[in-house]
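Undergrad: Coordinates only, no sequence provided:
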């Protein structure tokens, strides 16, 4: 993974120092909360319902065991002993004291981490594919470009006060978008040009929130060296022309939609023509320098293990077999596989991990996966370079610390926002509904029978739980002080990205999980074969059968 | 009026003149509307001329005057409105403006570092703010990743070199 040099280190050290000063000026009353707010927001510090929340950046989700141990220490020392992995591959701690934040940032800087631009109207953490560098269907590792974007966007002097927040995602697997690039302000796909040369397809204007939209292609092939000039052109057009009169219409998707993608692209290209001669184009040596940090770890030379992996799924140890089947994918290197550690356990909010579990995960990364972990945008973790032969031992160790749920990609592998339990914006609670779903659909055979299906839940229309792109989406709403839940069907965040549609009137808190059960029954009854996924059945039969089962003939 | 200019606190040498105010001798700062209305007579005066522009000014309309202006003051209506940063870079990097580029309006200490990088060299802090204390803001960072108006080379063209 990327290692800081003296320059990178100095930037995070100086940032920690700067924020210490800002906190001191706030505590002394020299600056008002209204002036402190954008400063703390540029540093990932939110004011939630009960306390401050600090969001730490995990650049493109990649972290070392040393960094994970630092998280454990921070959660134990400055928080309540747990942290929360987010859909943007970051980590949040929910209860830090303002006075302690400078110390936390110093500890983070000590392990090459920071909270820079994890909130605020600026360019946020660039996200990517959790299987980068190991997936068999990958064209090229996206992480070097993520790191290049991280550096370019960190304290970019021109783009710190954009109309609204700005999110970029990169995938190196054009055939299977595991980074949901079509749902980002800018989505970048590594593609091959006509002569087999590599470059980028650039999509702009995706996003969820109140006005969900799928990103549109602005440039179908961009030479690699032009990445930063092109991004800078997009950002400048947005910074100058994006709406600032209404925060709900300020995202770039609204600008792209208002202008039309052709006109938006024309403006970007005009700016790009002027920028590209200004010294921002990447050099081959910089691409090579950053790329070298993402070279594969020193894998052992092992025989092909596909048959061995297959055998484990069918072996006599049923718990192990189910876990391997659902949580493990083949690796491009013979003898290895990538393991997803599900953070969707009964009794724990999705994405939450205790300090003890963090320490254990760090140990397991050291012992089984070259000391590295990845956070996924499904709020899970990945050990990406595990020997197939080590799977039984790893499974046992994960089970011992309560991290062996075999539900990856299944119904209970839910995405859910913090909801009204933590968030000042929420209309309804999400975590208790998630827990009820976990409890109700607990049978692993049933989950496997349902196959690939996603539930995503948000406690308000800001859509942090991505409900628009869940196969089943749940949106918490408030009806005269009572929590209700709207049900949506048919969303998807992959290559076939689509937005779900609302089924009908909302359900009360004690009805919503029953409604999901009804939807699942309709699917099981209607699917053409056990192989037809939920979303495909929905696309084939449409909304009516679900509606009828949920609301009856009236 | 105190200003931060090239890293030190100085008195503003330009006199602000209202749109209906009389043009006295010496250096004057006028509105964008007045400059457009009276460009010929303003620019023929012996004193220096500055203009205060909104952050969404039409740059094509401003461009013809750029070479003859000694000061362009860009308004920050609120400090969360970042359009002035892009405007500043365009003026410096595209239009080659060499005169004083001043940030005015809701200008606070914690934007100064970014502003300077985008080409501002003068800062009129929001009323009541500690001008001398704000000078520290310029020293908070010793490394930058991007090329900008202050140095067009991104760090990767300077790294190890």
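TA: Done, it's in. Since this is a predicted model, take the numbers as computed values, not measurements. Numbering: from 1, shown residues only, chains lettered A, B, ... in the order given.
Undergrad: Let's test this: name the helix or strand in chain B with the lowest mean pLDDT.
TA: Least confident helix or strand, chain B: helix B:131-134 with a mean of 86, by mean pLDDT, DSSP states H and E.
Undergrad: residues making contact with that one?
TA: With contact meaning CB atoms under 8 Å, 6 or more residues apart in numbering or on different chains, helix B:131-134 is reached by B:2, B:4, B:9, B:109, B:112, B:123, B:125. Placement of C-beta: from N, CA and C, glycine included.
Undergrad: again, only using 6 Å
TA: Residues from elsewhere that reach helix B:131-134 (CB atoms under 6 Å, 6 or more residues apart in numbering or on different chains): B:2, B:9, B:109, B:125.
Undergrad: Give the buried residues for it.
TA: By 16 or more other CB atoms under 10 Å in any protein chain shown, the buried positions in helix B:131-134 come out as residue B:134.
Undergrad: How about stretch A:79-99?
TA: By neighbour count with 16+ other CB under 10 Å, stretch A:79-99 contains the buried residues A:79, A:82-96, A:98.
Undergrad: can you tell me which residues contact residue A:45?
TA: Residues in contact with residue A:45 (CB under 6 Å, 6+ apart) are A:52, A:54.
Undergrad: and residue B:141, which of the three is it?
TA: Secondary structure for residue B:141, judged by DSSP: H, G, I helix; E, B strand; the rest coil, is coil.
Undergrad: which residues touch it?
TA: Counting by CB under 6 Å, 6+ apart, residue B:141 touches residue A:14.
Undergrad: what's the nearest residue to residue A:72 if we skip its chain neighbours?
TA: Among residues not flanking residue A:72 along the chain, residue A:358 sits closest, at 3.7 Å (CB to CB, 6 or more residues apart in numbering or on different chains).
Undergrad: in a helix, that's where the one you found is, yeah?
TA: Yes. Under three-state DSSP, residue A:358 sits within a helix.
Undergrad: right, and it touches residue A:71 too?
TA: Yes. The pair residue A:358 / residue A:71 is scored as a contact, 5.3 Å apart, by CB atoms under 6 Å.
Undergrad: In chain B, which helix is the longest?
TA: helix B:32-44 (DSSP state H).
Undergrad: Ok, chain A next?
TA: Chain A, longest helix under DSSP H: helix A:6-27.
Undergrad: hmm, that helix in reach of chain B?
TA: Yes. Residues of helix A:6-27 contacting chain B under CB under 6 Å from any CB of the partner chain: A:7, A:10-11, A:14, A:18.
Undergrad: Of the residues you listed, which is the most crowded?
TA: When the residues of helix A:6-27 next to chain B are compared by neighbour count (other CB atoms under 10 Å in any protein chain shown), residue A:11 ends up highest, at 23 neighbours.
Undergrad: residues near the residue of chain B found nearest chain A, how many?
TA: Among all residues of chain B, residue B:82 sits closest to chain A, at 2.9 Å; criterion: CB to the nearest CB. Residue B:82: 27 surrounding residues under other CB under 10 Å.
Undergrad: Assess the claim that it and residue A:158 are in contact.
TA: No. Under the criterion of CB under 6 Å, residue B:82 is not in contact with residue A:158, lying 7.5 Å apart.
Undergrad: List the buried residues of stretch A:174-185.
TA: Those would be A:174, A:177-185, for stretch A:174-185 by 16+ other CB under 10 Å.
Undergrad: where does the least confident helix or strand of chain B sit relative to the chain's centre, distance-wise?
TA: Here helix B:131-134 is found 18 Å from its chain centre; the criterion is CA atoms, centre = their mean, to the nearest Å.
Undergrad: quick one: pLDDT of the residue in the stretch 201-350 of chain A positioned nearest to chain B?
TA: Distance from chain B to each residue of the stretch 201-350 of chain A (CB to the nearest CB) is smallest for residue A:286, at 4.2 Å. Per-residue pLDDT puts residue A:286 at 95.
Undergrad: swap in residue A:283?
TA: 94.
Undergrad: burial of it, as a residue count?
TA: 12.
Undergrad: So, low pLDDT: which residues of the chain?
TA: Unless you meant another one, I'm taking chain A. Chain A contains residues with pLDDT under 70 at A:553-554.
Undergrad: that's the wrong chain, I meant chain B
TA: Checking chain B against pLDDT under 70 turns up B:160-161.
Undergrad: which element follows the helix or strand harbouring residue A:399 toward the C-terminus?
TA: Using DSSP states H and E, the element containing residue A:399 is helix A:391-400. Note on helix A:391-400: by DSSP H and E, the next helix or strand toward the C-terminus is strand A:415-416.
Undergrad: Now for the nearest residue to residue B:24 once chain neighbours are set aside, how many residues are close by?
TA: Take residue B:24 and drop its neighbours on the chain: the residue closest to it by CB to CB, 6+ apart is residue B:15, 6.6 Å away. Residues contacting residue B:15 under the criterion other CB under 10 Å number 17.
Undergrad: quick one, phi/psi of residue B:15?
TA: Backbone torsions for residue B:15, taken as degrees, to the nearest 10, come to phi -100, psi 130.
Undergrad: what does the helix or strand that contains residue A:439 contact?
TA: Here residue A:439 sits within helix A:431-440, counting by DSSP H and E. Residues from elsewhere that reach helix A:431-440, judged by CB under 6 Å, 6+ apart: A:346, A:349-350, A:412, A:414, A:416, A:419, A:421, A:513.
Undergrad: Name only those of these that count as buried.
TA: Buried among the contacts of helix A:431-440 (16+ other CB under 10 Å): A:349-350, A:412, A:414, A:416, A:419, A:421, A:513.
Undergrad: and the residues you listed, which two are the farthest apart?
TA: Across the buried ones among the contacts of helix A:431-440, the longest distance by CB to CB is 19.0 Å; it joins A:412 and A:421.
Undergrad: Nearest spatial neighbour of residue B:76, chain-adjacent residues omitted?
TA: residue B:105 (3.9 Å).
Undergrad: give the contact list for that neighbour.
TA: Contacts for residue B:105 (CB under 6 Å, 6+ apart) come out as B:75-77.
Undergrad: residues in chain B within reach of chain A, list them.
TA: Residues of chain B found near chain A (CB under 6 Å from any CB) are B:80, B:82-83, B:85-86, B:89, B:110, B:114, B:117-118, B:140-141, B:143, B:145-148, B:152-153, B:156.
Undergrad: Tell me where chain B has helices.
TA: Going by DSSP H, chain B shows helices at B:32-44, B:59-62, B:83-89, B:112-117, B:131-134, B:155-158.
Undergrad: list the contacts for residue 10?
TA: Picked chain A for this. By CB under 6 Å, 6+ apart, the neighbours of residue A:10 are residue B:143.
Undergrad: try again with chain B
TA: Neighbours of residue B:10 in contact, by CB under 6 Å, 6+ apart: residue B:3.
Undergrad: Tell me the bridge partners for it.
TA: Beta-bridge pairing of residue B:10 under DSSP bridges involves residue B:3.
Undergrad: ok, it to residue A:69 distance?
TA: For residue B:10, the distance to residue A:69 (CB to CB, to the nearest Å) stands at 51 Å.
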